[in-house]
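Asks: dropping the sequence and predicted coords here.
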Amino acid sequence: MTTICPDPDNVGLGIEGNTGPSSTYEMSLLRSSQINNPPKHISPSSSNNVHAPEVLSCLLIMAAMSLISSCRQPTQPSSGMLSSIRVTPQNTVISAEATLQFTAKGFDQTGHEVAIKPRWSVSGGGTISDSGLFAAGKANGTFWVTAQQNEITGTASIFVGWNSPYVAGFRASRILSNYPNHQFPGPDYWVGVGDSMAKKFNDATPAAIWIVSLYMGSGITQVDFPSPGGSYSNIVFSDSDYSQSFLTRFDKEGFKVWLQVEPGAASVDTLISLVLSRYRSHPCVVGFGVDVEWYDANLYQWGEKVTDADAQRWEQEVQSYNPQYTLFLKHFARSWMPPTYRGNIIFVDDSQQFASLSDMVYEYKAWGRTFYPSRVSFQIGYPADKSWWGQYSDPPRTIGTALMSAIPNAYGVFWVDFTVTQVFPPTIIASPQQNQEKGKPHEFYRG
């Protein structure tokens with residue numbers, strides 16, 4: 001059934017003095033009133049014969065359709081109104097006391113750019129100018145840059161960290177079975193290894209993970225220096241200090257050294273205090289490390305998982321000796337690391353038993369993604385992987401380059417002591433008689 005309604009802009013509702021419709025349009029409708037009482041045809045030429053009931057009926061129909069249409073199409077913000085702010089660059093890494101220019105663009109609901117003049121701010125550290133120029137201070141860590149206009153904000157993270165792009169070196173422990181004739185190599189050897197590793201990568205600094213305590217079993221860790229006096233639970237001391245002469249040499253060579261412990265059931269807080277109180281005077285010392293695999297190893301297979309509270313407390317304790325010191329946590333499983341706390345911690349992966357280099361890169365990339373943008377480092381060169389890395393002419397360079405090129409937050413690679421003399425053969429190994437100090441062994445054993 002077809003109803004011809006007058007143009008609503010011109011209808012006079014039959015009120016005297018108003019003119020009739022100047023045009024007509026058709027609307028196909030089904031209404032009970034139309035079925036029972038078909039509307040009259042309204043001639044477009046009959047300007048004064050428009051009846052109010054028919055006009056009102058048409059207007060009601062038009063209003064209902066308009067309401068239905070408005071319900072089906074939600075109101076959108078007006079084009080040109082600021083809806084979001086995008087800050088670039090995102091997730092960047094810069095050195096301490098460096099600068100970086102940030103930019104902000106505004107967009108409306110449809111994605112079209114809108115001119116903005118935001119207010120800049122930064123939380124956590126550093127400063128930022130009215131134009132978005134960020135200036136890092138000496139403090140390391142992840143900070144957040146914000147651009148705001150009215151109630152709309154955009155953010156970007158920036159990690160302020162190391163002055164050198166990478167560190168490269170070795171892990172050294174006094175597990176004597178790792179070395180020819182069960183002799184721990186002297187300072188010259190280790191300086192040579194560190195320098196050789198660093199030269200394989202552009203702008204890398206020679207570095208070391210220097211293990212100062214080994215887990216001996218039954219919750220006991222043995223440190224390689226004498227007791228300062230007092231009683232310490234689950235800690236055994238050595239008669240002589242076996243690190244001082246090495247650290248003194250590393251001072252002269254510009255090395256970066258992290259002093260690592262295998263805590264067992266000993267208090268990590270106590271070990272931090274003992275180790276850093278003794279060695280904090282060495283310029284080469286840049287931090288402290290915990291091999292989590294040996295944390296409460298007498299109670300937990302593969303060590304106890306680190307809580308956020310533990311990680312934050314340990315980092316604060318380390319930095320109480322020097323604000324520039326960094327804490328590293330090491331394990332082969334990501335779930336053993338603190339769930340959310342990151343601070344300025346370096347996360348070290350010591351996984352092994354890979355089928356190939358690509359398999360290693362795949363695993364280490366996952367580690368890097370988990371802790372991004374925090375720095376990550378890797379121990380490489382395990383005997384379990386020698387079946388494939390032994391085929392390379394320069395295993396440290398090949399592996400390190402692959403990792404650093406694939407992982408944006410890669411910071412360091414450390415060749416392990418288990419095979420270090422196979423890749424960096426020592427030229428001279430002291431005899432057992434030469435390698436004694438005051439009649440006492442210069443090394444100690446684990447297990």
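Replies: Perfect, I can see it now. Residues are numbered from 1 along each chain as shown.

Asks: from what I see, Ala115 and Lys105 are in contact.
Replies: No. If you go by C-beta atoms under 8 Å, Ala115 and Lys105 don't touch, sitting 9.3 Å apart. Every C-beta, even on glycine, is put in place using the N, C-alpha and C of the backbone.

Asks: which residues does Ile158 bridge with?
Replies: Thr92, Phe143 (DSSP bridges).

Asks: ranges for the strands of the stretch 151-300 of the chain?
Replies: Along the stretch 151-300 of the chain, the stretches classed as strands by DSSP state E, counting those that start in this stretch are 152-161, 166-172, 204-211, 213-217, 220-223, 235-236, 256-261, 285-291.

Asks: give me phi/psi at Arg375?
Replies: Dihedral pair for Arg375: phi -70, psi 150, per degrees, to the nearest 10.

Asks: pretty sure it contacts Tyr411?
Replies: Yes. Judged on C-beta under 8 Å, Arg375 makes contact with Tyr411 at a distance of 3.8 Å.

Asks: before we move on, the earlier item: the strands of the stretch 151-300 of the chain: lowest mean pLDDT?
Replies: By mean pLDDT, the lowest-scoring of these turns out to be strand 152-161, with a mean of 85.

Asks: who's more crowded, Ala115 and Lys105?
Replies: Lys105 (16 against 8; other C-beta atoms under 10 Å).

Asks: what about that one, distance to Gly192?
Replies: 52 Å (C-beta to C-beta, to the nearest Å).

Asks: what of Lys256?
Replies: From Lys256 to Gly192 the distance is 16 Å (C-beta to C-beta).

Asks: and for Asp241?
Replies: With C-beta to C-beta as the criterion, Asp241 and Gly192 are 23 Å apart.

Asks: Gly186 now?
Replies: For Gly186, the distance to Gly192 - C-beta to C-beta - is 10 Å.

Asks: next, Gln379: phi, psi?
Replies: phi -100, psi 130.

Asks: could you do Gly390 as well?
Replies: Dihedral angles (degrees, to the nearest 10) for Gly390: phi -70, psi -10.

Asks: pLDDT score for it?
Replies: In this prediction Gly390 is given a pLDDT of 97.

Asks: contacts only, for it.
Replies: Taking C-beta atoms under 8 Å, 6 or more residues apart in numbering as the definition of contact, Gly390 has no neighbours.

Asks: do the same with the one 4 residues further on
Replies: By C-beta under 8 Å, 6+ apart, the residues touching Asp394 are Lys200.

Asks: same thing with the one 5 residues further on?
Replies: Shown in contact with Ile399 (C-beta under 8 Å, 6+ apart): 357, 360, 380-381, 389, 392, 413.

Asks: any idea which element it lies in?
Replies: Element membership for Ile399, per DSSP states H and E: helix 395-406.

Asks: in that helix, which residues are buried?
Replies: Buried residues in helix 395-406, counted by 16 or more other C-beta atoms under 10 Å: 395-397, 399-400, 403-404.

Asks: the residue lying closest to Trp302 once chain neighbours are set aside: neighbour count?
Replies: Spatial nearest neighbour of Trp302, chain neighbours left out: Glu293 (5.7 Å); criterion: C-beta to C-beta, 6 or more residues apart in numbering. Glu293 has 19 neighbouring residues, counting by other C-beta under 10 Å.
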